[in-house]
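1. Output the structure for:
(2 chains)
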2 protein chains.
Amino acid sequence: MQRFVLFFLLLICFESVAQHEDSSLIRQLADEILSNGKAYENLRVLCKTIGGRLAGSSQMYKAEDWGVKTLKLMGADNVFLQECKVPRWVRGGKDEASIIYNSTSGKPVTSNLDVLALGNSLGTGLKGIKAAVVMINNFDELDKRKDDIKGKIVFYNNPFNPRYVLPGQAYGERGIYRRSGPSRAARYGAVAVMIRSLTQSVDNNPHTGSTAYDSSLPQIPCVAMGLRDADNLSRLLLSGQKVTAYLKNKAQFLTDTVGHNVNCELRGSQFPEEYITVGGHLDSWDVAEGAHDDGAGCVHSIEVLRAFKAIGYKPKHTIRVVLFANEENGLRGGTEYAEAAKKNNEKHLFALESDNGGFAPRGFSFGMSQEQIEKVRQWQPLFLPYGVYEFVGGGGGADVGPLSRLLKTAVSSFKPDSQRYFDVHHARNDVFENVHKRELEMGALNMAALIYMIDKYGL
Amino acid sequence: MQRFVLFFLLLICFESVAQHEDSSLIRQLADEILSNGKAYENLRVLCKTIGGRLAGSSQMYKAEDWGVKTLKLMGADNVFLQECKVPRWVRGGKDEASIIYNSTSGKPVTSNLDVLALGNSLGTGLKGIKAAVVMINNFDELDKRKDDIKGKIVFYNNPFNPRYVLPGQAYGERGIYRRSGPSRAARYGAVAVMIRSLTQSVDNNPHTGSTAYDSSLPQIPCVAMGLRDADNLSRLLLSGQKVTAYLKNKAQFLTDTVGHNVNCELRGSQFPEEYITVGGHLDSWDVAEGAHDDGAGCVHSIEVLRAFKAIGYKPKHTIRVVLFANEENGLRGGTEYAEAAKKNNEKHLFALESDNGGFAPRGFSFGMSQEQIEKVRQWQPLFLPYGVYEFVGGGGGADVGPLSRLLKTAVSSFKPDSQRYFDVHHARNDVFENVHKRELEMGALNMAALIYMIDKYGL
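-> The predicted model follows:
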């Protein structure tokens, strides 16, 4: 019995020494990132000298060059490009939309809408499309009113549910109208689709994002409109007005081209052939600077590597920073990364993605076993001083998804505060000025802390 | 033994029923505030139709009228004003400052600075003050260089320590230079003071705030400057340049006048003579709209009352909403509230203040016994779904301080995320546009939840 007690005391003692070591190393990472952080300046250069960088665009190549240069500057052991085919969707110019209705005095009124064609949407042709508008709140209603759709423009107007504390929940629920809404409407003969943007912002910025056509149905154009325009249009229709809309956009697909994941490594000291990945996606929608989505995730990930180098931390496993290609409208980069890893028989211990913006940190979600989540949750006291308290299930992000599926790699997604994310998501106000320097740094330091803990203790 | 087990099971059962009741009531409050919230619109009216509302100004009276009207509209049982004397400091016009130095080619260069006189600072006189600048990083250095101060303008340039995770800690450390810096410099013969603004923002906005003169020393003018100007001036001085500064400001005190706390009640059903206070301060600096500081606290508090009424919750204790007068440069409102409570032998159970901005909630700090804090901490699972996880010591805010001191009332301060607070604090960018609707609402709902729990279970 006494031996058992002694063993137990030694264990506690050992654990508290280890915990002290960890908290002090995390403090070093925090001090380095909060005092000498480069994430904010790196983001400024990416946003302000390159800006929007959709897959296949000339800016995509500029962003890849920026990635290579920046990773080298930050001290990576080796930097390499990983080729993948990427789609090449182009907007082709300004999207136009207007509505025509009769004023209370009976005179026809034309009112312009602020719209953006959805990513992957096709164009209207040079003459545009003019048709009566039918407002639809959900697919049930669409099915019920299927005889009323032919030749019309369907306007999906179901708003975010404000009662969800996390706007991402509303986005998850409503996302299907952006992805499948055009084809669902086309099935009943609609000629185009307009959707209420997937946001609960108080401004009128339209929010683009991918749609996906069912290839067995007519591929009709689809635009998103800002919330004020959507509310106005909704009021008109609810008041019994007949509204005609005119849409014109020039979007099209050019032939696929070659893009790249921009990768680098900090080689592991004990297990150089076992990988921990940390990354964000380098592509962004064309209309914004992609500051939160996902410039922040890129500079977060680069900062993890920089801070490790700066404080002289030598990881046991090889840390890979990956700036993924083409997350927004194809996921070809994330897919290629996992397929190559599988082909090369690489061993991947863990992959962390940051693709929820550069806001103040709250936690991490994980795609791994409950036991593994419990293990990480034990580390909460080390993260609390830096604002991180949530370690929950729910999976990693889109780019580490293929790694999780193909290699069963444990994955995670960084979770910053999410109240502001959908204000800027895929919209023209996703600019550098809307990222806060210290919030961005706080994200990077918590990501660095998590990578450090997993590198040290495994999963 | 069996009886004991039965009792224990019943207790668990009872507790889980109670917890379910609480989580469901808090859910009702959340739904009400997130779906039908009025805090954001109330704040818009306060900021955009009244704006800056320093104690003693005509806007102070307009804000009081707004408070009375708004509290009535939101359904208070009774609304009443509580008179207090307030100081009447006036800026008197635009503050001016420039520096004169020799360019590398030897030619004199004049460069304007963006400055704000500190609150309670006196003016320079109509001719202004022109003198050589001495840069001082801390009071130790001031004391060491005391023979070099006479006739000079002292420039305090100690920056926020970026390693502090919470900027409030840096503010706490550096605040003494704003409060006591002028008198400390005057002791050694300085003719004026310029301070680096108490912020770590990336812009150049100067941040005002109260200074406090030692009446036994000359009361010299003091202005705050933005960080870019401070960095430029610092570089010039460090490079060995001799720099002369010219300051002109017209601030002065007029005679005290009468202001008011704007109070209202939701009468308690069981203990109408026992009070729970929730409040923010109605005054703000003259140069901003006082959106975060502290319009947010006012509309938070009003929203607690509105939500209780809207869901039909009848509190046991009387809930008092208090919009405090003159927090910024006198604390006369908070002092009067506590003194009147003491004089009238009122029993105050709890007082919650919101004066840290309208950002996404993180927790509450408390000024009460450790046992009481532990009791509240047990409620954490009810708050976690709404982003609140911290229940810590550290006291309430300034306005509930006198209640804590005079009546030993348990007090608390709402703690939202603080990374952005000092970007706008006492600066001209503290405007409505920098408040996020849902973050503001999330604050109100957590405050309502805390008041509900304390009303129900006591402390």
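2. what ranges of chain A fall below the confidence cut-off?
-> Low-confidence segments of chain A (pLDDT under 70): A:1-14.
3. Grab the most central residue of it for me.
-> Central residue of chain A (C-alpha atoms, centre = their mean): residue A:355, 4.0 Å from the mean position.
4. Hmm, residue A:91 is touching residue A:117, no?
-> Yes. In terms of C-beta atoms under 8 Å, residue A:91 counts as a neighbour of residue A:117; the distance is 6.1 Å. Where C-beta positions appear, they are placed from N, C-alpha and C, glycine not excepted.
5. and for the two, which residues touch both?
-> By C-beta atoms under 8 Å, 6 or more residues apart in numbering or on different chains, residue A:91 and residue A:117 have these common neighbours: A:249, A:251.
6. out of those two, which sits in the more crowded spot?
-> residue A:117 (30 against 22; other C-beta atoms under 10 Å in any protein chain shown).
7. OK, contacts around that one?
-> Residues touching residue A:117, when contacts are defined by C-beta under 8 Å, 6+ apart, comprise A:91, A:95, A:123, A:208, A:221, A:222, A:223, A:249, A:251.
8. Now do stretch A:276-287: distance to the chain's middle.
-> For stretch A:276-287, the separation from the chain centroid amounts to 8 Å (computed by C-alpha atoms, centre = their mean, to the nearest Å).
9. Tell me where the stretch 101-250 of chain A has strands.
-> Chain-ordered strands for the stretch 101-250 of chain A, with DSSP state E, counting those that start in this stretch as the definition, fall at A:108-112, A:115-117, A:129-136, A:153-156, A:192-196, A:222-225, A:244-248.
10. Looking at those strands, which is nearest to residue B:413?
-> Among the strands of the stretch 101-250 of chain A, the nearest to residue B:413 by C-beta to C-beta is strand A:192-196 (38.8 Å).
11. Pull out the buried positions in the closest one.
-> When burial is assessed from 16 or more other C-beta atoms under 10 Å in any protein chain shown, strand A:192-196 yields the following buried residues: A:192, A:193, A:194, A:195, A:196.
12. Quick check: the residue nearest to the centre of chain A touching residue A:283?
-> No. At 11.2 Å, residue A:355 and residue A:283 do not qualify as touching, with contact defined as C-beta under 8 Å.
13. where do the contact lists of these two overlap?
-> Taking C-beta under 8 Å, 6+ apart as the contact criterion, the residues that touch both residue A:355 and residue A:283 are residue A:327.
14. Sticking with residue A:59, tell me its helix or strand.
-> Counting by DSSP states H and E, the element that carries residue A:59 is helix A:58-73.
15. residues making contact with that helix?
-> A:42, A:45-46, A:49-54, A:79, A:81, A:86, A:259-260, A:262, A:264, A:282-283, A:298, A:302, A:305, A:321, A:323, A:325.
16. how much distance is there from it to the middle of the chain?
-> If you compare the mean C-alpha spot of helix A:58-73 with that of the full chain, they lie 19 Å apart, counting by C-alpha atoms, centre = their mean.
17. Kindly report the same for stretch A:174-186.
-> Counting by C-alpha atoms, centre = their mean, stretch A:174-186 comes out at 20 Å from the chain centroid.
18. From the rest of the structure, what touches that stretch?
-> In contact with stretch A:174-186 (C-beta under 8 Å, 6+ apart) are residues A:118, A:121, A:136, A:139, A:142, A:149, A:154, A:156, A:158, A:160, A:193, A:195, A:198, A:209-214, A:217-222, A:224.
19. Show me which residues of that stretch are buried.
-> Applying a neighbour-count criterion of 16+ other C-beta under 10 Å, one finds A:174, A:177, A:178, A:179, A:181, A:182, A:183, A:184, A:185, A:186 buried in stretch A:174-186.
20. quick one on the thing from earlier: mind checking the strands of the stretch 101-250 of chain A for the one nearest to residue B:377?
-> Taking C-beta to C-beta as the measure, the strands of the stretch 101-250 of chain A were each checked against residue B:377, and strand A:192-196 came out nearest at 41.7 Å.
21. ranges for the strands of the stretch 351-459 of chain A?
-> Under the criterion DSSP E, counting those that start in this stretch, strands of the stretch 351-459 of chain A are mapped to A:361-367, A:390-393, A:410-416.
22. on contacts alone, who are the packing partners of the shortest one?
-> Secondary structure elements in contact with strand A:390-393, counted by 3 or more C-beta pairs under 8 Å, 6 or more residues apart in numbering or on different chains; DSSP states H and E, are strand A:361-367, helix A:370-377.
23. Of all the residues in stretch A:189-208, which ones are buried?
-> Taking 16+ other C-beta under 10 Å as the neighbour-count basis, stretch A:189-208 is seen to contain the buried residues A:189-201, A:204-208.
24. distance between the ends of that stretch?
-> The distance separating the two terminal residues of stretch A:189-208, taken as C-alpha to C-alpha, to the nearest Å, comes to 23 Å.
25. so does it get close to chain B?
-> Yes. Stretch A:189-208 lies within reach of chain B by C-beta under 8 Å from any C-beta of the partner chain, at A:200, A:202.
26. so how far is that stretch from its chain's centroid?
-> The gap between where stretch A:189-208 is centred and where its chain is centred comes out at 18 Å by C-alpha atoms, centre = their mean.
27. thinking residue A:331 is in contact with residue A:399, fair?
-> Yes. With contacts defined as C-beta under 8 Å, residue A:331 counts as touching residue A:399 at a distance of 7.2 Å.
28. out of those two, which sits in the busier spot?
-> Between residue A:331 and residue A:399, counting by other C-beta under 10 Å, residue A:399 is the more crowded of the two (32 against 20).
29. Now the more buried one. Nearest residue, chain neighbours left out?
-> Across the structure, with C-beta to C-beta, 6 or more residues apart in numbering or on different chains as the measure, the residue nearest residue A:399 apart from its sequence neighbours is residue A:334 (3.6 Å).
30. Could you tell me which residues of the stretch 151-300 of chain A lie near chain B?
-> If contacts are counted using C-beta under 8 Å from any C-beta, the residues of the stretch 151-300 of chain A sitting beside chain B are A:162, A:163, A:165, A:167, A:200, A:202.
31. just the helices in the stretch 251-400 of chain A please.
-> If you assign secondary structure with DSSP state H, counting those that start in this stretch, the helices in the stretch 251-400 of chain A sit at A:296-311, A:332-343, A:370-377, A:380-383.
32. for the stretch 51-200 of chain A, same thing?
-> Listed in chain order, the helices of the stretch 51-200 of chain A (DSSP H, counting those that start in this stretch) span A:58-73, A:139-144, A:167-187.
33. returning to what we had before: give me whichever of the strands of the stretch 101-250 of chain A is most buried.
-> Counting by mean count of other C-beta atoms under 10 Å in any protein chain shown, strand A:222-225 has the highest mean neighbour count of the strands of the stretch 101-250 of chain A, with a mean of 30.
34. Just checking: what are the partner strands of that strand?
-> strand A:115-117 (antiparallel), strand A:192-196 (parallel) (DSSP bridges).
35. How about residues contacting it?
-> Around strand A:222-225, the neighbours that count as contacts under C-beta under 8 Å, 6+ apart are A:95, A:97, A:113-118, A:121, A:178, A:181-182, A:192-198, A:206-209, A:211, A:233, A:247, A:249.
36. could you dump it to CSV, C-alpha only?
-> Only the C-alpha atoms of strand A:222-225 are listed here, as CSV (Å, rounded to 0.1, in the frame of the first residue of the first chain):
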residue,chain,number,x,y,z
CYS,A,222,-28.0,32.0,-59.9
VAL,A,223,-27.1,35.2,-58.1
ALA,A,224,-27.0,36.1,-54.4
MET,A,225,-28.3,39.4,-53.1
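37. Might you calculate how far that strand sits from the centre of the chain?
-> The offset between the C-alpha centroid of strand A:222-225 and the centroid of the whole chain comes to 20 Å, using C-alpha atoms, centre = their mean.
38. what does stretch A:81-91 give?
-> Computed by C-alpha atoms, centre = their mean, the separation of stretch A:81-91 from the middle of its chain amounts to 17 Å.
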